[in-house]
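Student: Provided below for reference: sequence and predicted model.
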Amino acid sequence: MAYDPNNIFARILRGEIPAWRVYEDERTLAFMDAMPQSDGHTLVLPKSPAENIFDLDPAMAAAVIQTGQQAAHAVRQAFKADGVMLVQYNGPVAGQTVFHFHLHVVPRYAGIPLLGHARSMAEGAVLEEHARRIRAAWPA
């Protein structure tokens, strides 16, 4: 499958679709997942077009991991999570639903199951509050 420059994440990167942004630099963007599996579920993606890990430039992969590590610190602190799960899907069979490479940063809590992946939309006001909390906890 060829990279679709009109996928939802490419459109978010271009500012055509709003997102609850928590961090941005010259190579990456982190924002709230609109269909979170847990409160604080954040996505990190490269600003370059790549459908999956197999298309991703190694330097951009490193940038996504660096931002993902910062996001994990911030999410854990902001939501007092017992743990943080980093997940990345490649291809429909693996569970990928948006075909622009992205990393899920998902806070986990003992005894609390995750919601299903890409199941239901969260309220915008809730996502904005979660984004504010993560921005406030972002490492310097």
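Tutor: Received it, and whenever you're ready, just let me know what you need.

Student: may I see the buried residues of stretch 21-37?
Tutor: 22-23, 27-34, 36-37 (16 or more other Cβ atoms under 10 Å). Every C-beta, even on glycine, is put in place using the N, C-alpha and C of the backbone.

Student: for stretch 39-48, same thing?
Tutor: 39-46, 48.

Student: and what of stretch 129-140?
Tutor: Within stretch 129-140, the residues scored as buried using 16+ other Cβ under 10 Å are 130-131, 133-134, 137-138.

Student: who's in contact with that stretch?
Tutor: With contact meaning Cβ atoms under 8 Å, 6 or more residues apart in numbering, stretch 129-140 is reached by 20-23, 31-32, 36, 39-40, 42, 70-71, 73-75, 77-79.

Student: now do stretch 73-83
Tutor: Stretch 73-83 has contacts (Cβ under 8 Å, 6+ apart) with 22-23, 39-40, 42, 84, 105, 107-110, 130, 133-139.
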